[in-house]
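Visitor: Sequence and predicted structure below; questions after.
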Amino acid sequence: MSAHGAPRTLASHPVTGLHGTADIPGDKSISHRSLILGALAVGETRVTGLLEGQDVLDTAAAMRAFGAEVTRHSPGAWSIHGVGVGGFAEPENVIDCGNSGTGVRLIIGAMATSPITATFTGDASLCSRPMGRVTDPLAGFGTAAHGRAGGRLPMTIVGAADPVPVRYSVPVPSAQVKSAVLLAGLNAPGQTVVIEREATRDHSERMLAGFGAEIATEDTPEGRVITLTGYPELRPQQITVPRDPSSAAFPVCAALIVPGSDILVPNIGLNPTRAGLYQTLRDMGADLTFEDPREEGGEPVADLRVRFSGTLKGIEVPPERAPSMIDEYPVLSVVAANAEGTTVMRGIKELRVKESDRIDAMARGLEACGVRLEEDEDTLIVHGRGPGSVPGGATCAARLDHRIAMSFLVLGMAAQTPVTVDDAGPIATSFPIFEDLMGALGAQFSEMADA
């Protein structure tokens, strides 16, 4: 069942020639952080281009529950009257974060060092995901967490009344864990230090600095060391949210594998900690160019011109690139299925604990569509069939995961026979205009009656 409604079975049909301009919604990661940091600032933060997917709307509702005034003025244009660092009020009701792992983990971090108690829940997918990776380091501040077995939601967080700063080395690459600890450090004395052995997306560091926090980053033999000084007075900001590179991955990859395609994807955020997919696609021989590179809101952006690339070659993706493209491996595996040769994706075990076990979800669906592959705990190997050679014809399980659903719908556009997903509803959590946008480019979807 979808995160917020009954299942919607959707079939994607083979097409020829995607054309036009794909106006992608705002970046989900930056949208979450805009709302949370705006709520922790003193004064009014104004945001344009905010993603209005369900994940972000759930975070907006959570900020209201903690006492911030959050107002939507027009599509994508929002304002947040913040309560200041340490100013969160105790929510009257349970905080429902829907499908959003990013939302719940960042919000828990933001309230963890305030002397309040809050209970969090979510949909079936979110309630199956481990929260210990966040609550364990937050315990160092003095925060207590009481949840279900395995550290799962529903969970009650008791904020630290007298927090102390922490020094924490992140055991696995995770921007969510890093960000939760940094947000908790805002309301702790002294300096909170986070050490990353592998760099992850740095939106939190960029945005904290923009809001006026004292934060420094240094590359050392130990890894990337991020030091945050507590008790800043965060200043409200004017934020223009770049277009989401993870959402852009779907029309980009579709255009690469659908014959005759030529599309423009404008204003895409190309933060180096997020752009690994695009380098990987170019390594595979993709006809992908970056036009008018520039900076908006402190983030690098460009317009992407994408054309059908019938000579894509399988490659071994460098494992160290994984943190910069972790959400894009599902749709990359679709591209790999349409390439010549074998694509090897290693260092991706983080996909096992996303909205679903994304390695298993893609492996089972690709196999059902006639693609040969191998997998282990940390690896997915796809043996490409070449352009236009994937049989398709299967119904694939989305597993309450928006990226799995969209990936199989992209596969159907280039397969020999339609590919169906059992529930397209979760797509609304991150990319609510996906069907309309892809349809305007030339994709053909049909909703299937319940069996």
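Guide: Received it, and whenever you're ready, just let me know what you need. Numbers count the residues shown, from 1 in each chain.

Visitor: A6 reaches G425, doesn't it?
Guide: Yes: the criterion here is CB atoms under 8 Å, and A6 meets it with G425 at 7.5 Å. No exception for glycine: its C-beta is placed from N, CA and C like everyone else's.

Visitor: The two: who's more crowded?
Guide: It is G425, of A6 and G425, that has more neighbours when counted by other CB atoms under 10 Å, with 24 against 9.

Visitor: Could you list the low-pLDDT ranges of the stretch 251-400 of the chain?
Guide: 297 (pLDDT under 70).

Visitor: Against T217, how distant is E233?
Guide: E233 sits 21 Å away from T217, going by CB to CB, to the nearest Å.

Visitor: The two: who's more crowded?
Guide: T217 (16 against 13).

Visitor: right, and the secondary structure at that one would be what?
Guide: For T217, the assignment made with DSSP: H, G, I helix; E, B strand; the rest coil gives strand.

Visitor: Any idea what it is bridged to?
Guide: I226 (DSSP bridges).

Visitor: Over to V193?
Guide: Where V193 sits in a bridge, its partners, by DSSP bridges, are R167, T227.

Visitor: can you pull the contacts of it?
Guide: P165, V166, R167, Y168, V225, I226, T227, L228 (CB atoms under 8 Å, 6 or more residues apart in numbering).

Visitor: do T135 as well
Guide: Counted by CB under 8 Å, 6+ apart, T135 has contacts I108, T143, A145, G147, G151, M155, I157.

Visitor: Could you tell me whether the third one really is in a strand?
Guide: Yes: the assignment for A145 by three-state DSSP puts it in a strand.

Visitor: Quick check on the contacts of T135: which are buried?
Guide: I108, T143, A145, G147, G151, M155, I157 (16 or more other CB atoms under 10 Å).

Visitor: Now do the phi/psi pair for the residue nearest to A188 when sequence neighbours are not counted.
Guide: Residue nearest to A188 in three dimensions, not counting chain neighbours: P163, with 4.2 Å by CB to CB, 6 or more residues apart in numbering. Per-residue torsions, P163: phi -70, psi 150 (degrees, to the nearest 10).

Visitor: same check, this time on A213
Guide: Here A213 shows phi and psi, under degrees, to the nearest 10, equal to phi -70, psi 150.

Visitor: What count of nearby residues applies to it?
Guide: So A213, with other CB under 10 Å, has 25 neighbours.

Visitor: Excluding covalently adjacent residues, which one is nearest to it?
Guide: A213's closest residue in space is P232 (CB to CB, 6+ apart), at 4.6 Å.

Visitor: wait, isn't the one you found in contact with T192?
Guide: No: assessed by CB under 8 Å, P232 is found out of contact with T192, at 11.6 Å.

Visitor: Between the two, tell me which one has more neighbours.
Guide: Neighbour count, other CB under 10 Å: between P232 and T192, T192 has more, with 28 against 19.

Visitor: contacting residues for the residue nearest to that one when sequence neighbours are not counted?
Guide: Once flanking residues are discounted, T192 sits nearest to G185: 2.8 Å by CB to CB, 6+ apart. Residues near G185 by CB under 8 Å, 6+ apart: T113, F141, P165, V166, Q191, T192, L228, G230.

Visitor: Nearest to E299 among those?
Guide: Distance to E299 across the contacts of G185 (CB to CB) is lowest for L228, with 20.1 Å.
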